[in-house]
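[1] Structure, please.
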Amino acid sequence: MKRWMLLVPLALFLVVAVFLYRGLYLDPSELPSAMIGKPFPAFSLPSVQDGKTLTEADLKGKPALVNVWGTWCISCRVEHPVLTRLAQQGVVIYGVNYKDDNGAALKWLQDFHNPYQLNINDEQGGLGLNLGVYGAPETFLIDAKGVIRYKHVGVIDDTVWREQLASQYQGLVDEARP
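    As a prediction, the model looks like this:
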């Protein structure tokens, strides 16, 4: 009976060790999203630039990247030149200015250029919460009908664009052609 009692801690240790070992091989940038395959959440929020009310309907019509960003986000500053270059190449990018001061956002866009065709002011963070945002930057790929097809957590740099997003974006553009 005593030998059996000695095996219980060993068994528990082995179970924990297996879970920890498995965790070593997980990619922390691949956070699952329950939003994949679902329509972009309903919202009614002001535009960063002019205060005009924007809704999810404004995001429909063409495939796009929806980039969650903030002036407080150091990583957003790193990815901003890449987004600006992509926008100049014709990639449709919408912004969600997340939990930020609108005046600071306007200054940022003036200083660093504005890659966003639409830019949603999500000062309270409600839209971000509905999207399942963990922080910024996060980028969603939506199709022409406004359905979320992919989520990328972290900075979009040239490698991420080339290896993960460009072909998916192009596929959605091709799919949207009549």
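[2] ranges for the strands of the protein?
    Ranges of strands within the chain are 44-46, 53-55, 64-69, 93-98, 118-122, 138-142, 148-153, based on DSSP state E.
[3] Which among these is found nearest to Val160?
    Across these, Val160 has its closest neighbour in strand 148-153 (6.7 Å, C-beta to C-beta). In this view, the C-beta of every residue, glycine as well, is placed from N, C-alpha and C.
[4] partners of that closest one in the sheet?
    Note on strand 148-153: by DSSP bridges, its sheet partners are strand 138-142 (antiparallel).
[5] okay, the strands of the chain in a markdown table with mean pLDDT and mean neighbour count next?
    Output for the strands of the chain, formatted as a markdown table (pLDDT from 0 to 100; neighbours: other C-beta atoms under 10 Å):
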| stretch | mean pLDDT | mean neighbour count |
| --- | --- | --- |
| strand 44-46 | 98 | 15 |
| strand 53-55 | 98 | 14 |
| strand 64-69 | 98 | 25 |
| strand 93-98 | 98 | 25 |
| strand 118-122 | 98 | 23 |
| strand 138-142 | 97 | 23 |
| strand 148-153 | 96 | 19 |
